[in-house]
Each structure stands twice: as C-alpha cells, then as structure tokens.
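Engineer: sequence plus predicted model, see below.
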Amino acid sequence: MPSIRAPATKKTTTLTVAVKCRPLTEKERGRDIVRVSNDKEVVILDPDLSKDYLDRIQNRTKERRYTFDYAFAPDSKNVDVYERSISSTISGVVHGLNATVFAYGSTGSGKTYTMVGTEGDPGLMVLSLHTIFNLLKNDKSSDVFEVTCSYLEVYNEVIYDLLEKSSGHLELREDPEQGITVAGLRCIKVNSADKILELLKVGNSRRKTDSTDANETSSRSHAVLEITVLRKQKRKYRSQVIRGKLALVDLAGSERASETNSGGKKLRDGANINRSLLALANCINALGKQHKKGLAYVPYRNSKLTRILKVGLSGNSQTVMIATISPADNQYHHTVNTLKYADRAKEIKTHIQKNIGTVDTHVSDYQRMIDSLQTEVSQLKTQLAEKENQLNTKPTERSVDDELSWLNILSQETSENVQERINLQKAVFELEETNLRNRTELQHLDDGIAKQQAIENDGTVVQALMLRRQLVLDNIRDNDETGVIYQKEIEANEKRRCQLQEMIDEAISNNANKTYLRILSQYRLLGMTNTELQFEMALRDQVIHNQRETQRNLWSLLMGLGLDEKQLLKLAAKQGITIEDWTMATQLSMTDSWKTAHERSTRVSQPHANPSRTFPQHQEYGETAHTYCREEHHSSYYFMSHNSPSTYTKLTRTSYSSPQQKDEWNKISHEDGTSCSEDPCMSTSVNCNRTYEQSSVVNVSKIGSVLSAKTSVSQVGNWPV
Ligand SMILES: Nc1ncnc2c1ncn2[C@@H]1O[C@H](COP(=O)(O)OP(=O)(O)OP(=O)(O)O)[C@@H](O)[C@H]1O
C-alpha cells in the first residue's frame, strides 16, 4: 500500500495530564497526605506533623499544590479515569488518528493497576479495547476494518516480543515513512476485544516482574501494547486507507535502591529502569521548555523507551499521561517528583493529523501532494537557514533580552546536567556497594568450599557452594561492566558540563550587563551546590540503610542463638554494653514488614550525633517503654509511646502536653550523672558536652552497629522519576 501521507490540516494540541492517587494498601500504615479537590487539584500535605499554623502561613511547610486536567481521588475506579480523560481520545483511533496513553509514577504507585486492572476494576487497556471494538461494530459505513495488535517490553534496554513464547532481542529501526518501528515484532490480526485480552493476559504472564520491598509484584520492564486500526474506504474513483494507532504504555516504576532493598540483579534492573526513566524525564523537560523558547534539544536517542515514545511525546499523537501516586507520607518525595514531571508534561505539544494512505490515486492527486510537499520542503529550508543563522550569531550581537533568556536556558541545562551526573554517580555508588557485598560473600564461599572439600565425601554441598560462587562471580562481572558504561556516561556528562560552563563564561565576558549576568550565574552555581549536597545526603541515606540491614541481621543471629531477653541483657551488661531499646530491637529483627511501617519511629529513636545524651528506655522495658526522639531536619522532639507507635505527641518549648511528659523529659540523664538541661524543643544542648561517640550507650565498637547505629536520617535525594 502506498503510504504517502496526504497533506491534511494539522491540529496542535497539548498533552492531557491526569493524576490518579491510589488508596493506602493494607501493608501501609502511614498517614494519608494526598488530598484531591475539585477534580483537578492535588494537594500534598507536609509529612512532618509538627509544622504548625505559623509555619504554614509563613510558607515554611513542604505542602505542595498542583492543578492538572483531571485529578482522581483514591476511591475512583479505573472506569472513572477512562470515561473522563481517555474515551474521547480512543474513539479518534477508529478515524485514523494516533493516540498514546502512558502511566508514569514511582514503584508501587498503581501504574499496572491502572493500565491492566483487575476483574472487578478493569484497567485502561481493557476498557480501550472494548471501546474500539464497540465502535467498529456500530459503524454504519461500508468501510472494511482490520485490527492488528503487538505487545512488547523493554527490559534492561533490550526489546522483547511479549506475544512470542521465547522472543529474542529485537532492534529498533528508523523508517523514513513509518517512523520508529521494531524489526521482527509480531503483529497479530484480531477480530474481537476478547482475543486481544487473551493475548494481553499471555503477554503479561511473560513480563519480567520481581518482588521488591516497595511492591510485591513490581514490573521490571516497560510494556507497550499497540493496536492498529486500518479503515479501508471504497470510493468511486479511489480507495483510501486510514490508519489509526493506539499505544498503551505501562512503565516500570522509578525507585530508590535503599527502598527496594535490592542487590545484584534487582539493583541492576533498578538502575536500568531509573536510567530510561531519567531519559524520559529529560525529554519531558526539554519538550516542556520547547514551547517557551523553541530551542531545547530533545534527547530521544538516550534510551529505547524514549525512542519508542517519540511519536507519543511530540509527533502525530493525541497523548494522555496518567501520573500515578501513592497517598502514603513516606512516599512524599516520590509523589512530589512525579507531580513535578506531570506538571511539566502539561506544556508538551503534539500535532495530530489523520493518517491517510491512498490506493489507486489519480495523477492529479499525486501532483497536488508533490506540490504541497515541495512547499513544505522549501519552508523547512528557510526555517533551517534561520536557525543556523541564530546559532552562528555571537552573543554580543544579541539584544540584552535575548541574551538573558539564552543564559537562563544555558544555566537551566547546566542544572539538569548536574542532576544527571548525580544520578549516574549514585548508580555507580550502588553498584560498588553491591559488589563489595558480593566480594565478601565470595570470600566466605571460598572458605566454605575449602573446609567442605576436606570433610565431604559425595561433594553435594561443595557443588551447591560452587554454583552459588559462579552466580556471585557473574553478578560481579555484570556489575563491573555496567559500572564501566556508567563511567563513560559520567565522562560524557562532564564534557557537556564544561561546554555549558564555557558558553556561560563567554556570555558573561562579552556582555555589557556583566553584574546581572554574574549574579545569575552565581545563583545557578549555588543551586548546583545545593543539588550536590542533596546527593551527599542521599549517599548517607544509603549507608544508613546498610547499617540498619546489618543491625537486623545481627539481631536475627542473636535471637537465633536461642538466648532470651534476660540472658542477652546479662551478657551485654557483662561486656559493658547497654542495649538501648529491647522492644524495638526485637521487633525490628522479627518482622520486615514491621520495619516499613515503623521506619519513621526506628529512625528517630536513636541517639543523636549532636547533642549526645542517654535515653532511659532501657530502664523501662515492655509496657511502659518510651522513647525520646528528634527529627534532625526539623529540630523538633517528640514523645512517643511504643504501645501506640503511630501516636506522636509534640512537646512544645513553653508548655508540655501533660505533666507526665514533663516528668518523662526530666528523666533524661547521662549515665555519668550529668543531665541535659536542654528544653526538648531546642536543638542544642546546654550542659551536654560529650560527643555521641563518647557515650557508653553507643558502644559501636563492641558489637559493630548492632545495638546503636547513627540513624538520624533525612529521606532526601532527587532520584529521578
Ligand atoms: N486504585 C487502586 N485500588 C486498589 N489497589 C490499588 C490501586 N492501585 C494500586 N493498587 C495496589 O497497589 C499495589 C501496587 O500497584 P501496582 O503494582 O499497580 O504498582 P506499579 O506502579 O505498577 O508498581 P511497579 O512500578 O513496581 O510495577 C498493588 O498491590 C495494587 O493492587
């Protein structure tokens, strides 16, 4: 079929952005911090409960408010999302228009639930297919329809056919007429929604999923279901073929390694997912900027995902982005990140146009098309010449206004470049961490094999150990290889950074408005320093996570020895070790799910680097155990009862909530008899002159980080969504 596109009127439209908040799951016992008002507005409350009215009116809270085309509260069904934000787009597919719907959000935020759904709450893929086949069934024209379907996944930057039992690696091809296509991808002819749903089911069962701490069945790949509807129109003098395409995309979720609690393969998957999502985020950023200045380069080529989504993001497609978010307070950073990108995506423009191919075209029609194409070519040539002219213009020749916005764009790109470098460095750091653990395990395995070889006859244990050894070695090699790729990307990123800085410096030295430009540049540099600090904190976050894991493992080990609470305390006392909080520590070692729900409380219940003090929990085990806590970044203290861990009662500087609280606070004393005269609400200690490390409670050297780890954590870091 000739596929010359007949010139038809192009309609410019913006991406439709809908936000869907899922309900709190049973496992999550956190606070719900998302509010959806008037069907369009989403408010994210500050997860820090201690912020009061004054903080709010002085803008010191982390509360955020966003407006989108549509917003859906946790009680909304998939069909509500479909009817309000998608259905009209889907019907265009039957009339030769392209449409793309993609779900975007952090891991466990509900993307797969929204796209695929359940039997009781069918997802957007299922609902769209029913609409398409209903429209075809009810079509009154004499047109003939043909529907085909393909389903692929991108896993670790490799494309697989989900409709093929054992699919090999597929390659992307740039076709001058059809755009980006996947060579060798199966396109199956279908004649009912049920048939596609069957294929969808089979395809989903082949998708790579894994269980992580954040989501039991986490999708580790990006899945793209594409439905093509061909409408063949028989007319008196010519036949026309209209082709509409619908792409339904379920992305893998962005994640932080510290949250998914993953290592080895899972960590590598996560790093790849984050990398392709970062590439997508960068495209959204660039496209969002394009409408303002028309300058931004859109880095589609950075990942397979962005190349596949190119048409949906900027080409001939009516596109809907469903940003999925979790309402849980511990997901605050992910939620804000997702909404930030969703907010930018609102600016993206696409250009929709009917895909019409003609068969038996009359010569005069061809002539008309050729004329029109020639006009288009000459217009493009003029535009290209103008652009080249602009690029060759020296900064000094620009007007000041132009200069400033040009510099602004440059510095914006610099910040993004820094952000990208930070993400890459974090990925490298995570890989190195995993390999460190892998190498330790390898050492243990070698020792074990040597010992076992000396005593064993049949060699079965040795064989099992050798197998494990090979697996660990493979992981080390894979991680090293990925590390080399990341290093190369860091180098490329660094090169770009230098280029950008040179351009900024040149603009400053050439321009009359030097002082203003210098301030602007300084401002951007400070912003970058800030981002780098965030990276440092993210690294610290990771170290703390590892310490907690060690703590948990060692507790399990101690518990496994069969010692009861008294024996353990006695043993510890003999060694001069004070166990800080028996209740919490044992709970911590017993259940992992407890850890997630109570992470906040464990995090804040440990002694602090500065000021140092001894907490009296160990005197009051069991029912009456209380912990004094401080959250470092908010300089606030809480009084928390273990009987009801979710209840936080704030102590204020001028008044205690109850006499009991005041008494409890007054009990705080150091072991050596000195006490802190600090008010609970002050962030510095008055009489306390010992450092954290000196405190005998924090006898880290005795049992590693088992009994007392530095665990004042701020969950910062802008891991890309
Ligand atoms: N609207 C909803 N109603 C009820 N449960 C939901 C809803 N949305 C999501 N969930 C539940 O939340 C959990 C995570 O959802 P889902 O697997 O869809 O997340 P995801 O964003 O696809 O995660 P990943 O990126 O890790 O694959 C699942 O247990 C799912 O059943």
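Structural biologist: Thanks, I have the structure now. Treat the numbers as computed from the prediction; the structure is a model and nothing was measured.

Engineer: tell me how many other residues crowd the closest residue to the ligand within the chain.
Structural biologist: Proximity of the chain to the ligand (CB to the nearest ligand atom) peaks at Gly253, 2.4 Å away. C-betas here are computed from N, CA, C, even on glycine. The number of residues packed around Gly253, counting by other CB atoms under 10 Å, is 30.

Engineer: is it true that it touches Gly110?
Structural biologist: No. Here Gly253 does not reach Gly110: they are 9.5 Å apart, not a contact under CB atoms under 8 Å.

Engineer: can stretch 70-78 be said to contact the ligand?
Structural biologist: No. Applying CB under 6 Å from any ligand atom, one finds stretch 70-78 out of contact with the ligand, separated by at least 6.8 Å.

Engineer: list the buried residues for that stretch?
Structural biologist: Within stretch 70-78, the residues that count as buried by 16 or more other CB atoms under 10 Å are Tyr70, Ala71, Phe72, Ala73, Pro74, Ser76, Asn78.

Engineer: and stretch 450-469, by the same measure?
Structural biologist: For stretch 450-469, burial by neighbour count (16+ other CB under 10 Å) applies to Gln452, Val462, Leu465, Arg469.

Engineer: excluding chain neighbours, what is closest to the third one?
Structural biologist: Right, Leu465. Ile449 (5.0 Å; CB to CB, 6 or more residues apart in numbering).

Engineer: so that neighbour sits in a helix?
Structural biologist: Yes. Per DSSP: H, G, I helix; E, B strand; the rest coil, Ile449 lies within a helix segment.

Engineer: isn't it right next to Leu467, touching?
Structural biologist: No. Counting by CB under 8 Å, Ile449 does not reach Leu467; the two are 10.9 Å apart.

Engineer: part of a strand, is Val17?
Structural biologist: Yes. Assessed with three-state DSSP, Val17 lies in a strand.

Engineer: that one: neighbouring residues, count only.
Structural biologist: For Val17, the count of nearby residues is 27 (other CB under 10 Å).

Engineer: same check on Thr382?
Structural biologist: Counted by other CB under 10 Å, the residues lying close to Thr382 total 9.

Engineer: do Phe133 as well
Structural biologist: Other residues near Phe133 come to 22 when the count uses other CB under 10 Å.

Engineer: now do Glu420
Structural biologist: Neighbour count for Glu420, taken as other CB under 10 Å: 24.

Engineer: then Glu174?
Structural biologist: For Glu174, using other CB under 10 Å, the count is 10.

Engineer: please apply the same query to Leu471.
Structural biologist: Residues lying near Leu471 (other CB under 10 Å) number 15.

Engineer: and if you look at the one 5 residues further on?
Structural biologist: If you count neighbours by other CB under 10 Å, Ile476 ends up with 17.

Engineer: skipping adjacent residues, who's closest to it in space?
Structural biologist: Spatial nearest neighbour of Ile476, chain neighbours left out: Asn438 (4.9 Å); criterion: CB to CB, 6+ apart.

Engineer: hang on, that neighbour packs against Arg477?
Structural biologist: No. Using CB under 8 Å, Asn438 is not in contact with Arg477, being 9.9 Å away.

Engineer: counting neighbours, go ahead and name the busier of the two.
Structural biologist: Remark: of Asn438 and Arg477, Asn438 carries more neighbours, 20 against 12, as counted by other CB under 10 Å.

Engineer: check what pLDDT the more buried one gets.
Structural biologist: Note for Asn438: predicted pLDDT of 85.

Engineer: Arg469 versus that one, what's the distance?
Structural biologist: Separation of Asn438 from Arg469 (CB to CB, to the nearest Å): 11 Å.

Engineer: with Phe68 instead?
Structural biologist: Here the criterion is CB to CB. By it, Phe68 lies 52 Å from Arg469.

Engineer: these two touch, right, Pro23 and Pro327?
Structural biologist: Yes. The pair Pro23 / Pro327 is scored as a contact, 7.1 Å apart, by CB under 8 Å.

Engineer: which residues are common contacts for those two?
Structural biologist: Overlap of the contact sets of Pro23 and Pro327 (by CB atoms under 8 Å, 6 or more residues apart in numbering) consists of Pro74.

Engineer: which of these two has more neighbours?
Structural biologist: A side-by-side neighbour count of Pro23 and Pro327, using other CB under 10 Å, places Pro327 first with 24 against 14.

Engineer: tell me the strands beside the helix or strand that contains Val147, with direction?
Structural biologist: Using DSSP states H and E, Val147 sits in strand 144-155. Looking at strand 144-155 with DSSP bridges, its partner strands are strand 158-161 (antiparallel), strand 188-190 (antiparallel), strand 222-234 (antiparallel).

Engineer: near the ligand, which residues of this protein are found?
Structural biologist: When proximity is defined as CB under 6 Å from any ligand atom, the chain approaches the ligand at 22-23, 25, 105, 107-113, 215, 217-219, 252-253, 324.

Engineer: buried subset of these as a ChimeraX selection?
Structural biologist: Here is the ChimeraX selection string for the buried members of the residues of the chain next to the ligand, based on 16+ other CB under 10 Å:
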select :22,105,107,108,109,110,111,112,113,215,218,219,252,253,324
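
Engineer: in strands, which of the residues of the chain next to the ligand fall?
Structural biologist: Judged by DSSP state E, strands contain the following of the residues of the chain next to the ligand: Gly105, Ser218, Ser219, Thr324.

Engineer: please produce TSV containing these, extended by pLDDT.
Structural biologist: Listed next are those as TSV, based on pLDDT from 0 to 100:
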residue	pLDDT
Gly105	90
Ser218	74
Ser219	76
Thr324	95
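
Engineer: hmm, which two among the residues you listed are most spread apart?
Structural biologist: Ser218 and Thr324 (13.4 Å; CB to CB).

Engineer: list residues touching both of the two?
Structural biologist: Common neighbours of Ser218 and Thr324, using CB under 8 Å, 6+ apart, do not exist here.

Engineer: spit out the contact partners of Asp80.
Structural biologist: With contacts defined as CB under 8 Å, 6+ apart, the neighbours of Asp80 are Phe72.

Engineer: got the phi and psi for it?
Structural biologist: Phi and psi for Asp80, reported as degrees, to the nearest 10, are phi -70, psi -50.

Engineer: circling back to that earlier point, ok, and the closest non-adjacent residue to the residue of the chain closest to the ligand?
Structural biologist: Thr107 (3.0 Å).

Engineer: so what pLDDT did that neighbour get?
Structural biologist: Looking at Thr107, its pLDDT stands at 85.

Engineer: likewise for Tyr648?
Structural biologist: In this model, Tyr648 carries a pLDDT of 28.

Engineer: before we move on, what about the one 4 residues further on?
Structural biologist: In the predicted model, Thr652 carries a pLDDT score of 27.

Engineer: re the thing from before, and the buried residues of stretch 70-78 as JSON lines, adding pLDDT and secondary structure?
Structural biologist: Below are those laid out as JSON lines (pLDDT from 0 to 100; DSSP: H, G, I helix; E, B strand; the rest coil):
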{"residue": "Tyr70", "pLDDT": "95", "secondary structure": "strand"}
{"residue": "Ala71", "pLDDT": "96", "secondary structure": "strand"}
{"residue": "Phe72", "pLDDT": "96", "secondary structure": "strand"}
{"residue": "Ala73", "pLDDT": "95", "secondary structure": "coil"}
{"residue": "Pro74", "pLDDT": "94", "secondary structure": "coil"}
{"residue": "Ser76", "pLDDT": "95", "secondary structure": "coil"}
{"residue": "Asn78", "pLDDT": "96", "secondary structure": "helix"}
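
Engineer: no further queries at this time; thank you.
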